[in-house]
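# Quick one: sequence plus predicted model below, questions after.
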Amino acid sequence: MLNNLSNASVESNNAAIGRIRPAARGFHNPESFITMIMLDRAGIAPKNPWAS
């Protein structure tokens, strides 16, 4: 395994990014999207007020 990552963990990250992407469409710079991904994957992302 390259970098000791299994396919499951990589797919989990891809799914998380896909879940975050629609919320980031209104951002003007990619740094905000990257920050959202990092906060979510670290487990400290705030809850969206419109999400149930």
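In hand now; what should we look at?
# Can you tell me the centre-most residue of the protein?
Ile37 (3.2 Å; CA atoms, centre = their mean).
# show me what contacts Asp40?
By CB atoms under 8 Å, 6 or more residues apart in numbering, the contact list for Asp40 reads Ala16, Ile20. All C-beta spots, glycine's among them, are computed from the backbone N, C-alpha and C.
# name the element it belongs to?
helix 30-42 (DSSP states H and E).
# where does Arg19 fall, helix, sheet strand or coil?
Using DSSP: H, G, I helix; E, B strand; the rest coil, the secondary structure recorded for Arg19 is helix.
# what's the neighbour count on it?
Per other CB atoms under 10 Å, the neighbour tally for Arg19 reads 11.
# what's the distance between it and Asn4?
Look at Arg19 and Asn4: by CB to CB, to the nearest Å, they are 25 Å apart.
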